[in-house]
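Novice: For reference, the sequence and a predicted model appear below.
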2 protein chains.
Amino acid sequence: MTKRLGNNTLLFPSKPVITGFYSVVGKKEWEGPLRQWFDLTVGESHIGETSWEKAESKLMELSTNGALEMAGISKEEISVFFGGDLLNQCIATNYTLRTLATPFIGLYGACSTMAESLIAGAMCIDGGFAKNVLCATSSHFCSAERQFRFPLEYGGQRPQSSQWTVTGSGATILSENGTGVRITRAAIGKVIDAGIQDLNNMGAAMAPAACDTLCAFFEDTNTTPWNYDLIVTGDLGNIGKDLLRELLFQNGYAAQNLEDCGALIFSEDQDAHAGGSGCGCSASVLNSYLLKQLNQGKWHKILFMATGALMSPTSALQGESIPGIAHLVQLEKE
Amino acid sequence: MTKRLGNNTLLFPSKPVITGFYSVVGKKEWEGPLRQWFDLTVGESHIGETSWEKAESKLMELSTNGALEMAGISKEEISVFFGGDLLNQCIATNYTLRTLATPFIGLYGACSTMAESLIAGAMCIDGGFAKNVLCATSSHFCSAERQFRFPLEYGGQRPQSSQWTVTGSGATILSENGTGVRITRAAIGKVIDAGIQDLNNMGAAMAPAACDTLCAFFEDTNTTPWNYDLIVTGDLGNIGKDLLRELLFQNGYAAQNLEDCGALIFSEDQDAHAGGSGCGCSASVLNSYLLKQLNQGKWHKILFMATGALMSPTSALQGESIPGIAHLVQLEKE
């Protein structure tokens, strides 16, 4: 039990290293401010498949293959795949695994899945259970709209507080040995329900969970926002990000170095309203913009905290509020 | 990397110990052959809640509280909760976590979730990241029928190959220290898709995955079925169990000591057709019949292998086949 600090923080003494990563996005994301950092765009929404669900699966296939290529290993060298997506029963991931055929721990953390998979993967590597694991997640605007909101053909109006589900996937390979960015600490989030019922304001539902995880982590590690080059949440969007900043301020933390994957991925003129969302949002931003700039030395130590809104369309119809969660990983370039 | 054997088997040198477990089931399950082993029945299907989804959440609340009481610890002493359920976006589990408020790693493995959570939990304990973790899952006949098949009010006829989703929940506490049944080995399953498209024959869709995991485990550990007092799958049901026996025979293994949670939980006169299914099936049978008899010394070493059918109603409507998965844990009474 030397791998815990305070109430909630995990330590990884062996510092699992990111040996491969890859991002793939749709057309709208490719046209946004992060274009230069993404590895690939797939163009049109079906990606040559017969359904949007299969197209989403294709995104994950592309990102995992890209990460394997960067790490220079074959899929047979992956001991465990940790991943999931937003679709009912995580079907995009399940279908990717039909061809990938690695041992598979399926996760569901809504939009927090990228950080969740990195924490589970780091525990697996640091615990000595694997040499290489793959962590991946995806989302697709069209499959998510159909499932969570309205059929696209209906042409529903989106309120300004709504977020745009990112079409994209990111994959990360964590290894026992190698060089690159390392995972040194993490915090597993708790479910925090602030009573928000508006499905078109998920940022507000997730911000309290982000604040809870971050404040617990600062307390456990005896640090403040200024001990990190960047704190990046994903995907609170513009409204949730402002709310988190305010909540942190109420807790005594001025976090000027706070960014959000959902706020970074689209520009204002792209009509994405409150910003990007979906598992693929933080996954594609982490596995491009963030990891590439960590590798280039722009930052040395950052906190990546993916946030999730754990509601379902059924629970929303039943009048339930939206539980939020936020998982945090500390990434360091050696 | 001393914690792996062969291609796919995990070893847990510290042997995480089950210090608490509890099962709660519905009326039909309570009237079945395992009645004497279950801890509690909730009676009617709403359990005093306003929806079946909330009732399912209540089941998990009851099972986790029971397990905490047996282990003699408070929820604050649980470092991580590993769990999930069958509902879209795992909403039953998410709602349980609103009140439980422990750090939460959400899993989705369909009916394989109980074994999946035990493997993730054992890695967490053996890796030194926690003293106590909680592993739990649930299912509810009414919430599952509504989501996966038809509204109950429709009164659809069920074919003889269909399985009956168990109303129930099971919770297990894994600890670093204590006495009881221990997890000594495990195997994380791969997604195997045998091309089955019939949603009313999930046993056939899952049996090939069960065979794959089991044969890989026998090979890695240089053992045969006879090295174990019992091999119990969950939940292949009667059809899937016979099919697994046949598949094992084709692979050179005669497994007379093969049982299945879905086949055990209902008697023939209960009109459950091919047997029980749902996350709560293997969870409630493990956390009653199996663990109690291991503790009593009836068996000393068993293999518990929960199986999952990783389809969604959307994928089924799109004509996709059903991917299967099976995760295995070796349980030993010291």
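Specialist: That came through fine.

Novice: Regarding residue A:43, which helix or strand does it belong to?
Specialist: Per DSSP states H and E, residue A:43 falls between elements, in no helix or strand.

Novice: Low-confidence stretches in chain A?
Specialist: Along chain A, segments meeting pLDDT under 70 span A:1.

Novice: now the helices for the stretch 151-300 of chain A?
Specialist: A:202-221, A:237-250, A:261-264, A:279-285, A:291-295 (DSSP state H, counting those that start in this stretch).

Novice: on contacts alone, who are the packing partners of the shortest one?
Specialist: Contacts of helix A:261-264 with other secondary structure elements, assessed using 3 or more CB pairs under 8 Å, 6 or more residues apart in numbering or on different chains; DSSP states H and E, are made with strand A:230-234, helix A:237-250, strand A:276-277, helix A:279-285. Yep, even glycine has a C-beta here, placed from its N, CA and C like the rest.

Novice: Name the residues that touch the first one?
Specialist: Outside strand A:230-234, the residues that touch it by CB atoms under 8 Å, 6 or more residues apart in numbering or on different chains are A:111, A:114-115, A:210, A:214, A:225, A:240-241, A:244, A:255, A:257-262, A:264, A:281-282, A:285-286, A:290, A:299, A:302-307, A:326.

Novice: what's the answer for the third one, then?
Specialist: Applying CB under 8 Å, 6+ apart, the set of residues contacting strand A:276-277 from outside is A:29, A:111, A:139, A:163-166, A:202, A:235, A:237, A:261-266.

Novice: let's go with 6 Å and repeat that
Specialist: Under the criterion CB atoms under 6 Å, 6 or more residues apart in numbering or on different chains, residues A:111, A:163, A:164, A:165, A:166, A:235, A:262, A:265, A:266 lie in contact with strand A:276-277.

Novice: same check, this time on the last one
Specialist: In this structure, residues lying in contact with helix A:279-285 by CB under 6 Å, 6+ apart are A:23, A:25, A:85-86, A:111, A:113-114, A:137-139, A:166, A:168-170, A:234-235, A:261-262, A:264-265, A:306.

Novice: and what of the second one?
Specialist: Outside of helix A:237-250, the residues within contact range by CB under 6 Å, 6+ apart are A:161, A:163, A:203-204, A:206-207, A:210-211, A:236, A:255, A:258, A:260, A:262-263, A:274-275.

Novice: Can you give me the distance of the residue of the stretch 51-200 of chain A at minimum distance from chain B to residue A:251?
Specialist: Chain B sits closest to residue A:127 of the stretch 51-200 of chain A, with a gap of 2.6 Å, by CB to the nearest CB. If you measure residue A:127 against residue A:251 using CB to CB, to the nearest Å, the figure is 32 Å.

Novice: between these two, which one's more packed in?
Specialist: Ranked by neighbour count (other CB atoms under 10 Å in any protein chain shown), residue A:127 and residue A:251 place residue A:127 first, with 22 against 14.

Novice: The more buried one is in contact with residue B:123, isn't it?
Specialist: Yes - with contacts counted by CB atoms under 6 Å, residue A:127 reaches residue B:123, the gap being 5.4 Å.

Novice: Write out the residues of the stretch 201-334 of chain A neighbouring chain B.
Specialist: A:310, A:312, A:315, A:318, A:323 (CB under 6 Å from any CB of the partner chain).

Novice: Export these as CSV, with columns for neighbour count and secondary structure.
Specialist: Converted to CSV, those look like this (neighbours: other CB atoms under 10 Å in any protein chain shown; DSSP: H, G, I helix; E, B strand; the rest coil):
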residue, neighbour count, secondary structure
A:310, 30, coil
A:312, 23, coil
A:315, 26, helix
A:318, 13, coil
A:323, 26, coil
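
Novice: Widest-spaced pair of the residues you listed?
Specialist: Using CB to CB, the two most remote members of these are A:310 and A:318, lying 14.3 Å apart.

Novice: just to revisit the earlier point, farthest-separated two in the contacts of helix A:237-250?
Specialist: Taking CB to CB as the measure, these span a maximum distance of 21.9 Å, between A:161 and A:255.

Novice: ok, back up a step: most packed of the helices and strands packed on helix A:261-264?
Specialist: helix A:279-285 (a mean of 38; mean count of other CB atoms under 10 Å in any protein chain shown).

Novice: nearest to residue A:95, of the residues of the stretch 201-334 of chain A next to chain B?
Specialist: The nearest one, if we look at those relative to residue A:95 and count by CB to CB, is residue A:312, at 20.6 Å.

Novice: The closest one contacts residue B:90, doesn't it?
Specialist: No - the pair residue A:312 / residue B:90 is not scored as a contact, 8.3 Å apart, by CB under 6 Å.

Novice: how about the strands in the stretch 1-150 of chain A?
Specialist: A:4-5, A:9-11, A:17-25, A:40-41, A:80-85, A:104-106, A:132-139 (DSSP state E, counting those that start in this stretch).

Novice: Nearest to residue A:332, out of these?
Specialist: Residue A:332 lies closest to strand A:17-25 among the strands of the stretch 1-150 of chain A, at 10.1 Å (CB to CB).

Novice: okay, the angle between the closest one and strand A:132-139?
Specialist: With axes from the mean of the first three to the mean of the last three CA atoms, to 10 degrees defining the directions, strand A:17-25 sits at 20 degrees from strand A:132-139.

Novice: Now do strand A:17-25: which elements does it pack against?
Specialist: The helices and strands touching strand A:17-25, judged by 3 or more CB pairs under 6 Å, 6 or more residues apart in numbering or on different chains; DSSP states H and E, are helix A:52-71, strand A:168-175.

Novice: Need the winner for burial among those.
Specialist: Scoring these by mean neighbour count under mean count of other CB under 10 Å gives strand A:168-175 as the most buried, with a mean of 32.

Novice: is any part of that one close to chain B?
Specialist: No - Strand A:168-175 lies apart from chain B when judged by CB under 6 Å from any CB; the minimum separation is 11.6 Å.

Novice: sorry, back to before: okay, the helices and strands packed on strand A:17-25 in a markdown table with distance to residue A:195 next?
Specialist: Formatted as a markdown table, the helices and strands packed on strand A:17-25 follow (distance: least, CB to CB, whole Å):
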| stretch | distance to residue A:195 |
| --- | --- |
| helix A:52-71 | 31 |
| strand A:168-175 | 31 |
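
Novice: ok, and which of the strands of the stretch 1-150 of chain A has the densest surroundings?
Specialist: Ranked by mean neighbours (mean count of other CB under 10 Å), those are led by strand A:132-139, with a mean of 32.

Novice: Grab the nearest non-local neighbour of residue A:262.
Specialist: Once flanking residues are discounted, residue A:262 sits nearest to residue A:235: 3.3 Å by CB to CB, 6 or more residues apart in numbering or on different chains.

Novice: ok, that neighbour to residue A:303 distance?
Specialist: Residue A:235 is 15 Å from residue A:303, by CB to CB.
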